Each structure stands twice: as structure tokens, then as C-alpha cells.
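A.B. asks: Pasting a predicted model and its sequence here:
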Amino acid sequence: MKTYATYNIKGGVGKTSTAVNLAYLSAASGRRTLLWDLDPQGAATYLFRVKPRVRGGSRGLVSGRRPVDDAVKATDFDNLDLLPADFSYRNMDLDLDDAKRRTRRLDDLLSGMAGDYDVAFLDCPPGVSLVSENVLRAADVLLVPLIPTPLSLRTYTQLVGFVADAPRPRPAVIAFFSMADRRKRLHREVIGSVPHDDGARIAETVIPSMTLVEQMAERRAPVPVFAPTARVSRCYQELWAEITGGKAG
Amino acid sequence: MTAVRSARPRGSGTFDPDALRELLAASFEVSAGEPRVVAHTVLDTFDRRLDRADLRLELVAEAGTERLELTRSGQVVANVLTGPWPRWPAMAAALPDGPLKDHVAPLSGIRALLVVGEERRLVRRAELRNTDGKIVVRLDVDDAGLVLVRPLRGYQKEADRAWRLVTTLLEPVTATRAASPAPKSAVDPGAPARTLLAAELTGFLDELRDNLPGTIADIDTEFLHDVRVAVRRTRSLLKLGRPALPAHFRQVWEPQFKWLGDRTSAVRDLDVYQLGLPEMAGWLVAADPADLEPFEAHLAHRRAAERRRLTRALRGVRLRRLLDDWAAELAELGGSARPVDGAWSAGALAHATIAKAHRRVVRGGTAISDASPPEDLHLLRKRCKELRYAMEMFAPVLGAARLRDAIKDLKSLQDVLGRFQDSEVQWTTLRTFAHDMVADREAAQALLAMGELTAHLHAEQQRARTEFAGVFAAYVRPASRLRMERLLGDDGRAAG
């Protein structure tokens, strides 16, 4: 099972949209895909019309008292399952702190489902925490959406440093520009001047800022479902192909 | 997660979709699509390897889309939602990369996937949603009133509720699997030997006929292999059954089937090489696997030429006439079998044949020393094959458990002789190929790599030869002989 995590220290950069759309594309290509909505806000869970409730909550899952696969819900789409968010995930840091192998707990839980899925996505809450440390341990690839602004790049540099300081094995980092507006001079300049020599990879594909992405919350579905030929759908497909090199999982 | 459950109208009753919809609407938001034709193209290998693994591979076409779906008991194991698909028949290697291919390829192996069934159904798909608008259960309703309830992971309670509602109107369908082929039924040892021979030979003829179209179309290499097995078994049974068969069988039919067997040898030998090339490439130490590419091309070229000759023979009048006449002959043989005085019984023939074949194996094996030429081991291998065929062919007369043990004893001996002989033949033909390739001015790297292969084959042959004495000693040990005596019955007649 290959695990991708959409992660950024900063919030509101398009992590959930990326996780939902790429997970959908992974599933549509025939790969059994699991999306774990780790964000207590539960946006991905909402988009898939699943109730943001996990029996036993964060403590039940983290402690192992509740089998993690009992919490999994099928989405409306073939091959795509969801491990929903729960508001108790806001305390996941504390629950992890109490657990054995505190920085590897999420990895252990995911490993238990490796036979059921080919690809897993972790939609992570923003910030730096014990949850993020677990994510670094569990993920093979960290997908980092960046809004093309200087402040966003600054946070990205912090993130690269955070990953570099993490114990091995560390995930590969693939960043990409998200919510980009080519009409804005600043966005164009930042995309044009991005450094490529900091040890992490910046994808060629840029996800544009489009109202269709915002409409996901209204339609409660991934963009390729309700706008399969739209430019932004094509961009997500290109991004997925670029990330996987044409081969996922 | 439970599997898909299905229900249908009770007895000869009719199905009322509106009543079902009304019933379900009390618990779910029901949305039903328009009826549409769903075409299922079922794919499997010729010998149904997927079916035997309880799997069903289908290309499902509906509403302008096609998906490839692998299911077990109606539950999707893996699928691919977008093409392009290979043209069938196709090897599993041609499937799109992913879990479906990973499931199918190890099962289908060297056999091609071909269309084994097609069906078109008029299906109305319905989705049952909860109050959040989330799909929690899927239903398929076909034109015959068959309703499939498909649970979704994490929504089992909802699926159970839908099932309870569906089965208030319809009756559950109990899944039945196609029965596995029945074991050969026992034959009374006192029955006429000709009855048994006619039945066995007719089975081989059916096998031969079934595999001819796939051989001619070159769907995969196993069709030709199975044709050869059917021919070889026919030839063996003609030989083993000589005492009980009419005299003209030997003069007329043995040469006919020899002719057919000989036609198939060249392509099969080349197939064995082509199938073995990836493994052979792994033997290389100094050379690079890519160095074997000219050899691969040489094999492909030779095979194409030999296949043209084979196809001509298989499509020809001689074979058609041979098979028709043989079928008529077997019908007559089966019809003429009567228990009359002096005629061979099945038990007596089984005993005489197996005892004789076994004596020949023991005598031949005992005579082999370190100085024996390879031909002697080859001859012993042929005798072992005859004994094996005799035991399998007379299975209906022999006890199944005793037969299994006796075959197991023989198999180890066959394995070591097989390794010896295969290495010998491959070593010899590899050298012939090398001479041909020199004449064709092929690259020196290929010849050097082939030199490494001959060295490996020679070493393998020596290993098999060294192992032979120990394996043969085990075969003739008292326990093994005792098993053979038991197989043949205490009274000197085959056990029933």
C-alpha cells in the first residue's frame, strides 16, 4: 500500500480538495483507495456525505480498543473508502502521547489495512504536532499544496526543515502550486521564481484557483465527477500522473 | 462484509417493481435509473482457471461505458473503470497494470484469457440513500425480476434492512456453484476391457477436438500441449490395450496417431524454449540477458515457419478424415464390447498391463549404470510414462487411494528422469540452433550467451544423473513394491 499525505503547516491551501480529488482519481484507475480524514473539521468527510463520527473516537482508534477497519465507510464511488473524521480528533495529539510507539501509531493502524487497499491518502490538519510526526512516519509521499505567495513559500521552507529533522525513514516531499491565479502578478512571479534546489520536488502541474473547486462543497463530490472535462479536472489528472509517474501504488 | 444477496419472484409469480419501490421508500430515499442493457462478456482461460478459483472476470458494458470487473460471490475483488482493453483472446500481461491484473495474472499463467460467455440483461439500477443523501445500498433489478442487493462497506445495517424489505416480496436465491467434474465412476473389474478402452479413447478424442481450434488460432501454447497429451495418451492406450483391441487397430491407428504426434513436435519444442527463455536468462553469469535477443528472434522465426507447416496439417483433409473415422471406430468398439468367454476383462487387462509396465521399469532402471548412455535413461523415461498412463487409464478399475500412493512413488522417478532428458534435449538443440545462427551471421554475444546456457544445462543433467541412483533405489524399496502389489490386488487381479 502506498500512502500519500496532503499536508502543510498552513491552513486553507487546498489540502482537502487535493486529497479528495486525487483519491477519487486513484480509485477510478482501479486502485483500492482509502482516504483518512484526520482533520477534526471533517471537510473531506462532509464532501463524501458521510457522518463525521467514529465509534470510540480518536482514543478508541489510537488505543486499538476499536478496530480501525470497523470505522471505514464506502463512498458513493467504486474503489474509494473513507475513514471519517470525528470531532474527538482534536485531541488526537493527547491520545497519541498516551499510546505506545507514540510517533508510529498511525503507521501501525494503517499497516493493519495494507491488504485491503493499494493506496491510502491522509488528509491532515494544519500545524506541527504529534499527529504531523505520525504522518511523516506513515506517509511514503508528502503532497504539499502551496499558494503562490512569499508567505506560503516561507512556511514551505519551514516544512522542508521539519521533514529533514524527522527520524528516518522520511517521506518524499512533492510540493505543487494550488489555488493559483495567473491574472495576479505576484502569483506569476512566485511560480516563476520558485527554487528547485532545496532537496524537495516542486511539481510542474499547477492547480488553478477555480470556482469549480469551491463548488465541491455544494455538490458534495470530487470535481472530476461533476465537471469531468473542466480544466481543473484535467489539472488534477495531470498532477496525479506526475506524482505517480503514471504508476500509482 | 457480507456478499451480494439476490432474490427473485416466488414460484411462477410476477414481479411488481412499484410495490418494491414503495416498500423501500419507507426507509430510504430511492432513486432508480432508467432500464438499460448491460452486456457482460465473461473472460476466463480455456481450462477455467479463474472459475476454479471462485472468481469471475467480466467486461461489463453499460450506458456507453465499459469496465473490467473481477468478482467473487458477486463481491467486487478488483476492477478497472477505464480502458483501453486488449483484444481477446489476450494474455493477462496485456491487462492494464493494477490490482486486477495482479489477481488474474498468477492464476491464468501461460493461458490466454478468452471470451467464455456472453449475456445481455436489461437492468434497472437503484440507489438507496440515507437522509444525508449518501448511497448506503445499491440494488440491481433485471428484466426477469432478479433483485441483487449490494451492500456498501460500513453500511451493513442498511443492507440488512433493505434485504429484509426485499424478501418480504421476493424469495432469496441460494447461490449454487457449478458442480466440479465428477470423478471417474468405478468400473467392475469383470466388465469387458473394450468398454473401458472405448470410453477412455473417446475422452482423449474429445480432448483433442476441443483443443484443435485454439491450436490452429495459436491462442496460447497450452492448446497445442493439450493436443499432444491427448495424442500421446491415445498412442499409449493403443499400445497397452493391444491384447484386448481388434488386431487392425495396431496396423491402422497406431501409425495414424504417430503421424499426428510427429506433426506437433517441432512447434512444441520451440514453445518450450520460448516459455523457458526468461528462466534461462536468469542462469547467465557473464553474459547479459539482452545478449539472448538474437536467439529469441531466431526462435520466433523458426516457430513461425514450423507453425505454418503444423497449421496446414491440422486444417488438412487427412486429419479431418482421421478424426471422423476414429470416432466411428470407437463407437463400434464400444458397441461391440460384450462379456464373452475368452475376452479380456477390464481387471485382467489392468493387471496384465500395469504389471508388465512395472516390470519393464524395474528391469530398465536396474540395468542403468554410470556408464549407460543417455538413450538408456530416455528409454526408461518412456517406460515410466507408459506405467503412469496405464495406472491413470485404469483408474476406474483400481482403488483411488492405492493408485494415488503408487503414482506418488513413480512421480519422483519421473521428475529426475525428466530433468535429465530435458537438459539433454535442450543442450543438443541449443547447439543446433547455434550452428544455424552462425550460418545466419548472428551476433557473437548471442552465441557466447548460448554457450553459458549449454554449460548450465550440462551441469543440470549431471546433477539429475547423480540423483538418479538414489531416487531409483527409493522406487524399488520394499515399501514401494508392496504398494504396487496392493494396487494390483492380493489375488493377482486388479482391485475393484
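C.D. replies: Received the coordinates, thanks. Numbers count the residues shown, from 1 in each chain, chains lettered A, B, ... in the order given.

A.B. asks: Spell out which parts of chain A neighbour chain B.
C.D. replies: A:28-32, A:48-51, A:71-74, A:76, A:78-79, A:81, A:118, A:220, A:247, A:249 (Cβ under 8 Å from any Cβ of the partner chain). From N, CA and C alone the C-beta is placed, and that goes for glycine too.

A.B. asks: Among the residues you listed, name the buried ones.
C.D. replies: The neighbour count (16 or more other Cβ atoms under 10 Å in any protein chain shown) marks A:28-32, A:48-51, A:71-74, A:76, A:78-79, A:81, A:118, A:220, A:249 as buried among these.

A.B. asks: re earlier: among the residues of chain A next to chain B, name the ones in strands.
C.D. replies: A:73-74, A:81 (DSSP state E).

A.B. asks: which of those lies closest to B:Val115?
C.D. replies: Taking Cβ to Cβ as the measure, B:Val115 lies nearest A:Ala74 of those, at 30.8 Å.

A.B. asks: Hmm, that closest one is touching B:Tyr155, no?
C.D. replies: Yes. Using Cβ atoms under 8 Å, A:Ala74 is in contact with B:Tyr155, at 6.7 Å.

A.B. asks: thought B:Ile219 was touching B:Arg87?
C.D. replies: No. At 11.7 Å, B:Ile219 does not count as touching B:Arg87 under the criterion of Cβ under 8 Å.

A.B. asks: shared neighbours of those two, which are they?
C.D. replies: With Cβ atoms under 8 Å, 6 or more residues apart in numbering or on different chains applied, the contact sets of B:Ile219 and B:Arg87 do not overlap.

A.B. asks: Tell me which residue of chain A is furthest from the middle?
C.D. replies: A:Arg185 (28.3 Å; Cα atoms, centre = their mean).

A.B. asks: ranges for the helices of the stretch 1-150 of chain B?
C.D. replies: Here the stretch 1-150 of chain B has its helices, by DSSP state H, counting those that start in this stretch, at B:17-25, B:49-52, B:99-108.

A.B. asks: Redo those helices as TSV? Include distance to A:Cys124, mean neighbour count and mean pLDDT.
C.D. replies: Shown next, in TSV, are the helices of the stretch 1-150 of chain B (distance: least, Cβ to Cβ, whole Å; neighbours: other Cβ atoms under 10 Å in any protein chain shown; pLDDT from 0 to 100):
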stretch	distance to A:Cys124	mean neighbour count	mean pLDDT
helix B:17-25	39	14	89
helix B:49-52	40	17	95
helix B:99-108	26	18	93
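
A.B. asks: B:Arg477: which of these is closest?
C.D. replies: helix B:49-52 (35.8 Å).

A.B. asks: That closest one: how far from the chain's middle?
C.D. replies: Relative to the chain's own centre, helix B:49-52 is displaced by 10 Å; criterion: Cα atoms, centre = their mean, to the nearest Å.

A.B. asks: ok, now stretch A:27-41?
C.D. replies: Computed by Cα atoms, centre = their mean, the chain-centroid distance of stretch A:27-41 equals 9 Å.

A.B. asks: pLDDT-wise, which helix or strand of chain A ranks last?
C.D. replies: One helix or strand of chain A scores below all others by mean pLDDT, DSSP states H and E: helix A:185-192, with a mean of 84.

A.B. asks: same for that one, what does it pack against?
C.D. replies: If you count contacts as 3 or more Cβ pairs under 8 Å, 6 or more residues apart in numbering or on different chains; DSSP states H and E, helix A:185-192 packs onto helix A:150-165, strand A:172-180.

A.B. asks: Report the contact partners of residue 74.
C.D. replies: Just so you know, I chose chain A. Going by Cβ under 8 Å, 6+ apart, A:Ala74 touches A:80-82, B:152-155.

A.B. asks: To clarify, I was referring to chain B.
C.D. replies: B:3-4, B:6, B:148, B:150.

A.B. asks: Kindly write the ChimeraX command that selects the buried subset of the residues you listed.
C.D. replies: To isolate the buried subset of these in ChimeraX, counting by 16+ other Cβ under 10 Å, use the following:
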select /B:4,6,148,150
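
A.B. asks: Can you give me the separation between the closest residue to B:Ala286 other than its chain neighbours and B:Ala439?
C.D. replies: In this structure, B:Ala286 finds its nearest non-sequential neighbour in B:Glu452, 6.4 Å apart by Cβ to Cβ, 6 or more residues apart in numbering or on different chains. Applying Cβ to Cβ, to the nearest Å, the value for B:Glu452 to B:Ala439 is 21 Å.

A.B. asks: and the two? which has more neighbours close in?
C.D. replies: When B:Glu452 is set against B:Ala439 and neighbours are counted by other Cβ atoms under 10 Å in any protein chain shown, the residue ahead is B:Glu452, at 17 against 8.

A.B. asks: Check which helices and strands the helix or strand hosting that one sits against.
C.D. replies: Using DSSP states H and E, B:Glu452 falls within helix B:444-475. Here helix B:444-475 touches helix B:248-283, helix B:293-315, helix B:346-366, helix B:400-439, going by 3+ Cβ pairs under 8 Å, 6+ apart.

A.B. asks: next structured bit after it?
C.D. replies: helix B:478-488.

A.B. asks: Distance from that next one to the middle of the chain?
C.D. replies: That offset, for helix B:478-488, works out to 30 Å (Cα atoms, centre = their mean).

A.B. asks: Just the strands from the stretch 101-250 of chain B, written as ranges.
C.D. replies: Assigned by DSSP state E, counting those that start in this stretch, the strands in the stretch 101-250 of chain B fall at B:114-129, B:135-142, B:147-151, B:171-172.

A.B. asks: so what secondary structure elements neighbour the shortest one?
C.D. replies: Which is strand B:171-172. If you count contacts as 3+ Cβ pairs under 8 Å, 6+ apart, strand B:171-172 packs onto strand B:5-8.

A.B. asks: Parallel or antiparallel, which strands does the strand it packs on pair with?
C.D. replies: Using DSSP bridges, strand B:5-8 pairs in its sheet with strand B:147-151 (antiparallel), strand B:171-172 (antiparallel).

A.B. asks: tell me the average confidence for stretch B:234-251?
C.D. replies: Mean per-residue pLDDT for stretch B:234-251: 92.

A.B. asks: so where's the stretch 1-150 of chain B shaky on pLDDT?
C.D. replies: For the stretch 1-150 of chain B, applying pLDDT under 70 flags the ranges B:1-2.

A.B. asks: Before I go, just wanted to say thanks for your time.
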